[in-house]
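S.K.: Sequence below, structure please.
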Amino acid sequence: MGEGQEPDAQWVFGYGSLVGLRDRGPGRPRPGAARLTGYRRRWNVAMDNTVDLPGYKHYVCRRTGVRPAVFVTFLNIEPAPSGEVNGILIDVSAVDLVELDARERNYARVDVSAGVAGRARGTVWAYVGTPAAGARFAAGLRAGRAVVGRDYYDLVRSQFAALDGDGAGLAEFDRLTPSPACPVVELRRVDP
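M.R.: Next comes the predicted model:
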């Protein structure tokens, strides 16, 4: 932690797509690499692509443009006593947290400060999949309809590859993260 940071500072631990927030606008501090202990990363939360939610995205097949009846799967972290997860710490304001809470609809914001040693004073938050998002993944997996979108999969991997400039972040991601239990397919995200 740098000198002068307030003990009431707030941070988000990014372990998936939020790693992309490392390139925020001018005047924003660049997030630092971090490690969260007591958790493990898994591909085990999903949205039901057949359900329309006000103001929420859905996906179509990149080739046909048809909206498939699938459960689109994303990364998650879950408690695991001997687990560890690599990622980044992002300084956030109260306004940032409200925006992230709205964006991360399949997740609940959880205080993980105790698992991030020596990196920041204040509160460290992480977004952990809700029980409903986990149940959607399990249902999709049982039905053979759980998938990971190729764009999301590639985005996360490219962000970890760029994390430290030498590929070590991606190698660590691969070491700490099992492959998805479902296929990676070509989907295009459609925002409202």
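
S.K.: Can you list the low-confidence ranges for the protein?
M.R.: 1-7, 22-31, 118-120 (pLDDT under 70).

S.K.: how about 90 then?
M.R.: Applying pLDDT under 90 to the chain flags residues 1-9, 19-34, 53-55, 90-93, 103, 117-122, 162-168, 192.

S.K.: Tell me who's in contact with the residue nearest the centre of the chain.
M.R.: For the chain, the residue nearest the mean C-alpha position is residue 16 (3.4 Å; CA atoms, centre = their mean). Shown in contact with residue 16 (CB atoms under 8 Å, 6 or more residues apart in numbering): 41, 74-76, 87, 156. The way it works is simple: take the backbone N, C-alpha and C, and place the C-beta from them, glycine included.

S.K.: Grab the CA positions of the longest strand that the chain contains and hand them over as CSV.
M.R.: Using DSSP state E, we find that the single longest strand of the chain is strand 71-92. Taking Å, rounded to 0.1, in the frame of the first residue of the first chain, the C-alpha atoms of strand 71-92 are listed here in CSV:
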residue,chain,number,x,y,z
PHE,A,71,-26.9,-21.4,-20.1
VAL,A,72,-24.0,-19.0,-20.7
THR,A,73,-21.2,-19.7,-18.1
PHE,A,74,-18.8,-17.4,-16.4
LEU,A,75,-16.0,-17.5,-13.9
ASN,A,76,-16.6,-17.5,-10.2
ILE,A,77,-14.7,-17.8,-7.0
GLU,A,78,-15.8,-20.0,-4.1
PRO,A,79,-14.5,-20.5,-0.6
ALA,A,80,-11.7,-23.2,-0.4
PRO,A,81,-9.5,-23.3,2.7
SER,A,82,-6.3,-24.1,0.9
GLY,A,83,-7.3,-22.3,-2.3
GLU,A,84,-5.7,-19.3,-4.0
VAL,A,85,-6.6,-17.0,-6.9
ASN,A,86,-4.4,-14.6,-8.8
GLY,A,87,-5.9,-11.3,-10.0
ILE,A,88,-5.7,-7.6,-9.4
LEU,A,89,-6.7,-5.0,-6.9
ILE,A,90,-8.6,-2.0,-8.2
ASP,A,91,-9.3,1.1,-6.2
VAL,A,92,-12.9,2.0,-6.3
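
S.K.: mind listing the helices for the protein?
M.R.: Using DSSP state H, the helices found in the chain span residues 94-103, 131-143, 150-162, 168-176.

S.K.: is it possible to export the ones you listed to a markdown table including mean neighbour count and distance to residue 62?
M.R.: Formatted as a markdown table, the helices of the chain follow (neighbours: other CB atoms under 10 Å; distance: least, CB to CB, whole Å):
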| stretch | mean neighbour count | distance to residue 62 |
| --- | --- | --- |
| helix 94-103 | 12 | 23 |
| helix 131-143 | 17 | 19 |
| helix 150-162 | 17 | 8 |
| helix 168-176 | 16 | 24 |
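
S.K.: Columns distance to residue 45 on top of those helices, output as TSV?
M.R.: Putting the helices of the chain into TSV (distance: least, CB to CB, whole Å) gives the following:
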stretch	distance to residue 45
helix 94-103	14
helix 131-143	4
helix 150-162	12
helix 168-176	17
